[in-house]
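> please find the sequence and the predicted model below.
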Amino acid sequence: MPQQLRLTAVEELVYVAATGLEARGEIPYLAAIARETGLPQEQLGQPLHELTEKNLLHREETPVEGTDLGPRWCTQQRT
């Protein structure tokens, strides 16, 4: 059984926001995560980094040429 990861309150809030956006078919861009959490975008860098380090989210660059929406933060696909 894998060891349960410990998340801070902010990490959990950000994770729930990103997965909730994905579940509704929305793309979890930084602005959308900020809207969902009620936190300013400037405060999301550290929790997003930590969630990436813990392999709960991964960063994907915007796949559409000519757009500047920034990266999106998606859940890891588990195999």
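On my side now, so go ahead.

> any low-confidence regions in the chain?
Scanning the chain for pLDDT under 70 picks out 1-3, 62-69, 76-79.

> determine the longest helix present in it.
helix 9-23 (DSSP state H).

> helices or strands up against the next helix or strand after that one?
Once the chain leaves helix 9-23, the next helix or strand it forms, by DSSP states H and E, is helix 30-37. If you count contacts as 3 or more Cβ pairs under 8 Å, 6 or more residues apart in numbering; DSSP states H and E, helix 30-37 packs onto helix 9-23. C-beta here means a position set from N, CA and C on the backbone, and glycine is covered the same way.

> now tell me what touches the helix it packs on from outside.
7, 27-28, 32-33, 36-37, 39, 43-44, 47-48, 50-51, 56-57, 73-75 (Cβ atoms under 8 Å, 6 or more residues apart in numbering).

> at 10 Å what do you get?
Helix 9-23 is contacted by residues 5-8, 26-29, 32-39, 43-44, 46-51, 54, 56-57, 72-75 when judged by Cβ atoms under 10 Å, 6 or more residues apart in numbering.

> of those, buried ones?
For the contacts of helix 9-23, a burial check counting by 16 or more other Cβ atoms under 10 Å picks out 7, 28-29, 32-34, 36-37, 39, 44, 47-48, 50-51, 56-57, 72-75.

> thinking again about what came up before, what are the buried residues along the longest helix of the chain?
Using 16+ other Cβ under 10 Å as the test for burial, helix 9-23 gives Glu11, Leu13, Val14, Tyr15, Ala17, Ala18, Thr19, Leu21, Glu22.
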